[in-house]
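[1] Sequence and computational prediction follow.
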Amino acid sequence: MITTENLCKRYGKTDAVRDLNLDVRAGTVFGFVGENGAGKTTTLSILATLMLPTSGRAFVGAAEVTTDPAAVRRMIGYMPDVFGVYDDLSVREYLAFYGTAYGVTAALIEQRTKELLNMVSLEEKADDYVNALSRGMQQRLGLARCLMHDPPVLILDEPASGLDPRSRIEMREIIKGLRQRGKTVLISSHILPELADMCDEIGIIKRGALVACASVEVVTARANGHRQICVEVLEGGLAMADTLARHHFVSDVLTCDETRVDLLFAGTERDQAELILDLTAAGYQLKTFREVGGNLEDLFLHLTSEEQAAEQTASALAGSAAGQMA
Amino acid sequence: MLVDAIRHRLGWWMDNPLLRKELRQRMRSGRTVLALSLYLFIIGAVAFVFMYVNVQGQTLLLQPTRTADLFTFLSYLQLAMISFVTPGIASGVISGERERQTLTVLLTTPLSPASIIFTKFVTSISFLLLLIVMTLPLYSIVFLFGGVVPSQVLAVFGLQIVTLGAIASVSIFWSTWLRRTGWSTVFSYATVGVFFLGLAVAGYLSDNIANHSPDQGVWGMVSGICYSLNPIYMQASLEASLGFASPVFHQSIVSSVFSVVQSHDLSSTESWLSFLYLYMGGSALLLVSCIWRLRPGTFAVLRKRLVRWLLR
Ligand SMILES: Nc1ncnc2c1ncn2[C@@H]1O[C@H](COP(=O)(O)OP(=O)(O)OP(=O)(O)O)[C@@H](O)[C@H]1O
Ligand SMILES: [Mg+2]
C-alpha cells in the first residue's frame, strides 16, 4: 500500500533520508522506529506530499506522491508530529471543517463526528473550543481529524509524543482499533517497545537508512528470549567480562569496562540467580545486578540476522553505485 | 451541462469550506462587532460635527458644495483607514498558520494552494468591505443635501476597493514568503508607506528638480508617474474631475494634493484606467506567486537555481 523506491532527501549537506526502500502491505500496521534526527519526519512528510524527495519515488496505493499528489491526499490521513488547532472553533466545527474540505457530505460528517469522538473519548467536549482542550485531547482530536474522510491509509508521526503514560496507553488502544478496521497505518516513534504490541512490522531507520526490518513476532520472540543485564562491580570488570562471555547462558557481552558490564542473558530467572552466586563465589564484589529495559532497538538490531543487515548494506551500495552511474 | 459545471466550480470557490470557517472565526468575535460599531460611530460623529459647524446649526443654510467637502473629507478618512487596517489583518494570514502549525495539515487536504490563497484574500478584504458597505447609509445623508450623486460615490469607492485589494495582496505576499508574521507586518506597512508617502515625496522632489533642470520634460514625466501610482492622488483626481473644488481645504494638505492633480492633468480616463490595471494586475501577480510558493518543493528548487546561478 505504501512503497518507496530508493527514496533520498538531502538538506544542503545533510542526507536526511538515504536510499530508503519501504513496503507497507495493505491492512498492516508498520512501526517506523529511529532516534531523534533519524529521518522519520522527513520520510513521512514526503509521503504526505508536503515535501519533494531529492531522488527516488514514493507511492501510496498506485499514486506517486510527486506526480499525483491530489490522489495521495485523498487516500491518506496525515498527523504531523507537532500541529496546532484553530482558535474560535468548537470541536464539532473543527472536525466538520476538515470533513467538508474532503468533500464529505453533511449527513456523513454528523455521523462520523459522533463515531470518532466516541472512539477518542471526547464526546463531552464536542461543543468546547478546540484551543481549550489539553494537549493529550488535542492529540486525540488530531487523530479523529485524520479519519474524517475515512482514508484507507494513515500516516501518524509520533502520535504519542508529549503525552503522559496514561494518554499514551489510550492512544495505543485507539491505534489498535484502527488495525481492526482494516486501515493501513504507518506510525513512527523513537521508542520500539511502545510500538511492539500494536504493529505487524517494524522498520528501524538510522541516519536516514533503513537498517532493519522484520515482522513484530520475530522482534518480540527474539527479544523475549534475551534480557539485557547490567552488572556493576567495584573493580575487575574486564576480567569479569571474560568469565561472563564463557558462561553458558550469556549470549553476548555488549559493553564492558572496569566497573560495568552489559550483557545479553538467555537463561531463566533461576539461571540468573545462579549466575550471581557464581560471580560472588569467584570473588567479584557486585554492586548491582539488574535487568535494563528500554533499549530494545539495540537488542533488536543485535538480534536481527547478520545476513539481513548485510543484504541491506549491499542493496544500499548497489543503489548508490547505480546512482553514480546514472 | 458545461454551464452547470462552471456554476458548480464557481459556487465552490465562493463558498468553500475554508472560507466558511475563516468568516465564522473572524465575524464571531466580539472585537469585530465592537470595531464596526466604533467606526460607524466615529464616522457618524465626524459627519455631524462637520455639517453642524458649517451651517452654525441652521440646516437650511447647508450648501451643496459643503456636502462635497464633507464627502471628500470622509473619503480620505476611509482611505486612511483602509491603508492602516488592511496590513494588520492580512499580513498574518499565511505566516500565522505557519506559526500556529496548522498550515501543514491544511496543505495535506484536497484544498489546493490556489483556493487557500484566494480564500485568504477574500477573508482579508471582507472586514473592510463590510465596513465600506456599512457606511453607505451615512453617505446617503450627503446625497440628501445634494452636491454629490451616487455614481460619483461609487467611482471613488471602486478606486478604494481596488486599493484595498492591492494592499491585501501585498500583505499576503509578505505573509507567504516571509516566515514570521512580525516581519511580514513590518514589510506590509513599509510597502504601503512607499506607495502612499514615498511616491508623494518622490513626486514632489521630481517636480522641484523639473523646475530647475533643463530636462524639464523628463522630470515632469517622472513626477507624473509617481503621482499617478499613488492612491491618494488618484482619489483626488477622481474627486476633482467630479467637480469638487474645495474652498474649505484652502491651503491644507488636501488642497495641495488637488492642485498637484490639476497641474499634472491626472484627471483623465486613461490615468484612472492605467492605475486600475496596474494595481489589479500587480495584485494578481503577487497572489499567483503566493500560490506557487505554497506548492511543495518550490522553495528548494528556487534556492537550487539561485545557488547554481551564483556559482556560474
Ligand atoms: N528543514 C530542515 N532543514 C535542514 N535540515 C533538516 C530540516 N529538517 C530536518 N533536517 C535534518 O534532517 C535530519 C532528519 O530529520 P527528521 O526531522 O526527519 O528526524 P526525525 O527522525 O523525525 O527526528 P525526531 O525523532 O527528532 O522527530 C536531521 O538530521 C535534521 O537535522
Ligand atoms: Mg520527527
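    Yes, it's here. Residues are numbered from 1 along each chain as shown, chains lettered A, B, ... in the order given. Ligands and ions are numbered 1, 2, ... in the order given.

[2] what's the domain layout of chain A?
    By the assignment in automatic domain parsing, chain A contains the domains A:2-214, A:225-294.

[3] residue of the stretch 51-200 of chain A with the smallest distance to ligand 1?
    Of all residues in the stretch 51-200 of chain A, residue A:190 sits closest to ligand 1, at 4.9 Å by Cβ to the nearest ligand atom. Quick note: C-beta positions are derived from backbone N, CA and C, even for glycine.

[4] Which residue is the nearest non-sequential neighbour of that residue?
    residue A:35 (5.6 Å; Cβ to Cβ, 6 or more residues apart in numbering or on different chains).

[5] Can you verify my assumption that that neighbour contacts residue A:207?
    No. Counting by Cβ atoms under 8 Å, residue A:35 sits too far from residue A:207 to count as a contact (9.1 Å).

[6] related to what we said a few turns ago, what's around the residue nearest to residue A:190, how many residues?
    With neighbours defined by other Cβ atoms under 10 Å in any protein chain shown, the count for residue A:35 comes to 13.

[7] now residue A:230, what's its secondary structure?
    Put simply, residue A:230 is strand when judged by DSSP: H, G, I helix; E, B strand; the rest coil.

[8] pLDDT wise, what is it at?
    Residue A:230 is assigned 86 on the pLDDT scale.

[9] residue contacts, the residue of the stretch 51-200 of chain A closest to ligand 1?
    Residues near residue A:190 by Cβ atoms under 8 Å, 6 or more residues apart in numbering or on different chains: A:33-36, A:38, A:40, A:158.

[10] 7 Å instead, please
    The contact partners of residue A:190, taken as Cβ atoms under 7 Å, 6 or more residues apart in numbering or on different chains, are A:33-36.

[11] Name the helix or strand of chain A that has the lowest mean pLDDT.
    Ranked by mean pLDDT, DSSP states H and E, the weakest helix or strand in chain A is helix A:306-325, scoring a mean of 53.

[12] In whichever helix or strand residue B:76 is part of, which residues are buried?
    Here residue B:76, judged by DSSP states H and E, is contained in helix B:64-90. For helix B:64-90, the neighbour count (16 or more other Cβ atoms under 10 Å in any protein chain shown) marks B:65-79, B:81-83, B:85-87, B:89-90 as buried.

[13] immediately after that helix, which helix or strand?
    Remark: after helix B:64-90, the chain's next helix or strand is helix B:95-99, criterion DSSP H and E.

[14] Give me the mean pLDDT for the helix or strand hosting residue B:166.
    Taking DSSP H and E as the criterion, residue B:166 maps to helix B:150-177. For helix B:150-177, the mean pLDDT works out to 92.

[15] contact partners of the next helix or strand after it?
    Toward the C-terminal end, the helix or strand that comes next after helix B:150-177 (DSSP H and E) is helix B:181-193. Outside helix B:181-193, the residues that touch it by Cβ under 7 Å, 6+ apart are B:83, B:87, B:91-92, B:95-96, B:99, B:167, B:170-171, B:174-175, B:178.

[16] what's the average pLDDT for helix B:181-193?
    Mean pLDDT, helix B:181-193: 95.

[17] Name the residues of that helix that are buried.
    Those would be B:181, B:184-185, B:187-189, B:191-192, for helix B:181-193 by 16+ other Cβ under 10 Å.

[18] For the stretch 101-250 of chain A, list the residues in contact with chain B, please.
    Within the stretch 101-250 of chain A, the positions near chain B by Cβ under 7 Å from any Cβ of the partner chain are A:101-102.

[19] count of neighbours near whichever residue of the stretch 101-250 of chain A sits closest to chain B?
    With Cβ to the nearest Cβ, the shortest gap between the stretch 101-250 of chain A and chain B falls at residue A:101, namely 4.3 Å. Number of residues near residue A:101 (other Cβ under 10 Å) recorded here: 21.

[20] do the same with residue A:287
    Neighbours of residue A:287 (other Cβ under 10 Å): 11.

[21] ok so it is a strand residue?
    Yes. Counting by three-state DSSP, residue A:287 falls inside a strand.

[22] Surely it is in contact with residue A:231?
    No. Contact between residue A:287 and residue A:231 fails when scored by Cβ atoms under 7 Å: they sit 8.5 Å apart.

[23] residue contacts, the residue in chain A that ligand 2 sits nearest to?
    The nearest approach of chain A to ligand 2 comes at residue A:41, 3.1 Å away (Cβ to the ion). Neighbour list for residue A:41: A:81, A:157 [criterion: Cβ under 7 Å, 6+ apart].

[24] And for the one 5 residues further on?
    Applying Cβ under 7 Å, 6+ apart, one finds that residue A:46 lies in contact with A:7, A:9, A:53, A:58, A:65.

[25] circling back: show the pLDDT at the residue of chain A closest to ligand 2.
    Listed pLDDT for residue A:41 reads 93.

[26] quick one: contacts of stretch B:284-302?
    A:49-52, B:107, B:113-114, B:116-117, B:121, B:169-170, B:172-173, B:176-177.

[27] Run through the residues that contact the closest residue to ligand 2 within chain B.
    Closest approach between chain B and ligand 2, counting by Cβ to the ion: residue B:104, at 12.3 Å. Residue B:104 makes contact with A:50, A:80, A:83, according to Cβ under 7 Å, 6+ apart.

[28] Highest neighbour count among those residues?
    Neighbour max across the contacts of residue B:104 (other Cβ under 10 Å) = residue A:80, 23 neighbours.

[29] Helix, strand or coil: sort out the residue lying closest to that one once chain neighbours are set aside for me.
    Closest residue to residue A:80 apart from its sequence neighbours, by Cβ to Cβ, 6+ apart: residue B:104 at 5.0 Å. Recorded secondary structure, residue B:104: helix (three-state DSSP).

[30] so residue A:271 sits right up against residue A:249, yeah?
    Yes. Using Cβ under 7 Å, residue A:271 makes contact with residue A:249 at a distance of 5.0 Å.

[31] Kindly report the residues of the stretch 101-250 of chain A close to ligand 1.
    Neighbours of ligand 1 within the stretch 101-250 of chain A, by Cβ under 6 Å from any ligand atom: residue A:190.

[32] Close to ligand 2: what parts of the stretch 101-250 of chain A are there?
    Within the stretch 101-250 of chain A, no position is near ligand 2 by Cβ under 5 Å from the ion.

[33] pLDDT below threshold where in the stretch 151-300 of chain B?
    B:242-254, B:297-300 (pLDDT under 70).

[34] The one helix or strand residue A:77 maps to: what's the following helix or strand?
    Under DSSP H and E, the secondary-structure element containing residue A:77 is strand A:76-79. For strand A:76-79, the following helix or strand on the C-terminal side (DSSP H and E) is helix A:91-101.
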